[in-house]
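S.K.: Next come a sequence and a model predicted from it.
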Amino acid sequence: MKVVIIAETEPPETSFRQIDGRKWPSSCITVIDIALMTVSPRFIPLDSGYEGAVAAKTPFYQASAL
């Protein structure tokens, strides 16, 4: 089982900084809320035992099949 962090933010604010005579963009965000979510090894959300059972029965997607 893995845990991922979900963050809700305000839209990013971009400003420009003067470094070595050049203007470089710099973005900043404000975090409103964060949460933790358990996921399967394939990053399927596991909110209940039912979702865990479905994730366990679903075959792995083969990247070599592309």
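M.R.: Structure's in. What do you need?
S.K.: Please, where are all the helices along the chain?
M.R.: With helices called from DSSP state H, the chain shows them at 49-57.
S.K.: bridging residues for the spatially closest residue to residue 23 that is not a sequence neighbour?
M.R.: Residue nearest to residue 23 in three dimensions, not counting chain neighbours: residue 16, with 4.3 Å by Cβ to Cβ, 6 or more residues apart in numbering. (Glycine included, C-beta is placed from N, CA and C.) On the basis of DSSP bridges, residue 16 is bridged to residue 25.
S.K.: how near is residue 16 to residue 30?
M.R.: Look at residue 16 and residue 30: by Cβ to Cβ, to the nearest Å, they are 19 Å apart.
S.K.: low-confidence ranges in the protein?
M.R.: Residues of the chain that meet the criterion pLDDT under 70 lie in 48-52, 54-55, 58-66.
S.K.: Now do the same contact list for residue 30.
M.R.: Contact partners of residue 30, counting by Cβ atoms under 8 Å, 6 or more residues apart in numbering, are 9-10.
S.K.: Please determine how far it is located from residue 6.
M.R.: Using Cβ to Cβ, residue 30 is found at 16 Å from residue 6.
S.K.: what about the residue nearest to residue 23, how many neighbours?
M.R.: Burial of residue 16 is recorded as 10 neighbouring residues (other Cβ atoms under 10 Å).
S.K.: Residue 22 is in contact with that one, correct?
M.R.: No: between residue 16 and residue 22 there is no contact, the gap being 9.5 Å when judged by Cβ atoms under 8 Å.
S.K.: Give the residue farthest from the middle of this protein.
M.R.: No residue in the chain sits farther from the centre than residue 21, which is 35.3 Å out by Cα atoms, centre = their mean.
S.K.: Could you report the separation of that one from residue 27?
M.R.: Shown here: residue 21 relative to residue 27, a distance of 21 Å by Cβ to Cβ.
S.K.: before we move on, what about residue 37?
M.R.: According to Cβ to Cβ, residue 37 stands 25 Å off from residue 27.
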